[in-house]
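Enquirer: Got a predicted model here, sequence first, then my questions.
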Amino acid sequence: MEVHRKLVVGNWKMNGNLNQLGEIAAIAAAAKEAAGVDVAICPPFTLIAAAVARSGGLPIGGQDVHSAESGAHTGNVSAPMLQEVHARLVIVGHSERRAEQHETDAEVRAKAETALRHGLQTIVCVGESEMDRAARDHVAVVTAQLEGSLPDQAHDGELVVAYEPIWAIGTGNVATPEDIAEMHAAIRAALVERLGEFGERIRILYGGSVKADNAAAIFAVPHVDGALVGGASLTADQFVPIIEAAAAH
Ligand SMILES: O=C(CO)COP(=O)(O)O
């Protein structure tokens with residue numbers, strides 16, 4: 001099993017404002033001190049440029065990107081636009097977008113392809129519903145989602161996969177280490193089957209109610225190469241201990 005440098009990404013979702021950018025500056029300062037861990041924050045689009053200016057080199061990213069380069073797509077943002085404001089990464093296929101915007105695997109894959117082509121580190125999210133898990137279909141659902149969402153040119157640029165069980169997002173119901181281990185091993189096997197040895201090198205993040213008090217146990221699970229953190233990434237007080245837990249591994 002390859003050991004990866006951990007990656008901890010904050011997803012601010014539709015939260016934050018200009019007054020809260022001091023949190024990003026504080027997170028960036030702590031991230032510099034934490035050896036051996038990569039950290040990034042994805043604030044809302046409106047804050048990216050200002051966040052980059054305050055981030056002291058901490059990578060800042062988007063929470064979505066359109067698959068087209070430009071055009072008549074009201075309300076959307078393109079990869080060149082993200083590049084122009086020095087975003088370095090992007091999240092695609094978050095379950096909240098799959099649900100609210102009815103995004104399909106094919107659309108997620110197209111977005112990921114565009115993002116990679118533009119040199120953005122690209123985090124492709126997958127995750128099952130509570131119903132899928134109750135039906136014991138969770139592994140089949142997630143591996144099928146992954147298969148449909150993975151970009152064809154996965155070898156270009158940096159691809160990351162995030163496993164976020166929908167029932168664990170924003171609920172405080174973190175998945176157990178056993179649940180996480182089962183799914184991350186299945187995702188790793190699917191990546192290797194599809195991409196060969198390259199699949200070993202793709203980092204797999206866990207997301208869903210990651211907090212300071214459960215982060216260390218999550219980072220200890222095999223094939224957990226980091227975390228995608230929602231609520232607990234909004235303040236340095238809550239996010240920095242998670243970064244430190246990743247650095248300790
Ligand atoms: O969806 C998530 C990150 O993308 C997880 O959110 P929470 O950490 O708030 O559960």
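Expert: Perfect, I can see it now.
Enquirer: Now do the contacts for residue 5.
Expert: 36-38, 225 (CB atoms under 8 Å, 6 or more residues apart in numbering). (Glycine included, C-beta is placed from N, CA and C.)
Enquirer: repeat that for 10 Å
Expert: 36-38, 203, 225-226, 246-247, 249 (CB atoms under 10 Å, 6 or more residues apart in numbering).
Enquirer: Filter those residues down to the ones in strands?
Expert: Among those, the ones falling in strands (DSSP state E) are 37-38, 203, 226.
Enquirer: Mind giving me the PyMOL command for buried ones among the contacts of residue 5?
Expert: The PyMOL command for the buried members of the contacts of residue 5 (criterion: 16 or more other CB atoms under 10 Å) is given here:
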select buried, resi 37+38+203+225+226+246+247+249
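Enquirer: most remote residue from the chain's center?
Expert: residue 72 (27.5 Å; CA atoms, centre = their mean).
Enquirer: pretty sure that one is in a helix, no?
Expert: No - assigned with DSSP: H, G, I helix; E, B strand; the rest coil, residue 72 falls outside any helix and is coil.
Enquirer: rewinding a little: lowest pLDDT pick from the contacts of residue 5?
Expert: Lowest pLDDT within the contacts of residue 5 is found at residue 249 (83).
Enquirer: can you dump the C-alpha coordinates of the lowest-mean-pLDDT helix or strand in the chain into CSV?
Expert: Lowest mean confidence among the helices and strands of the chain (mean pLDDT, DSSP states H and E): helix 198-201, at a mean of 94. C-alpha atoms of helix 198-201 as CSV (Å, rounded to 0.1, in the frame of the first residue of the first chain):
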residue,chain,number,x,y,z
PHE,A,198,-1.5,5.1,-11.3
GLY,A,199,-4.7,4.2,-9.3
GLU,A,200,-2.4,3.6,-6.3
ARG,A,201,-1.2,7.2,-6.4
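Enquirer: ok, and for it, which residues are buried?
Expert: For helix 198-201, by 16+ other CB under 10 Å, it's residue 199.
Enquirer: Could you name the helices and strands sitting against that helix?
Expert: strand 159-163, helix 177-195 (3 or more CB pairs under 10 Å, 6 or more residues apart in numbering; DSSP states H and E).
Enquirer: between the ones you listed, which one is nearest to the ligand?
Expert: Proximity to the ligand (CB to the nearest ligand atom) singles out strand 159-163 among the helices and strands packed on helix 198-201, at 6.9 Å.
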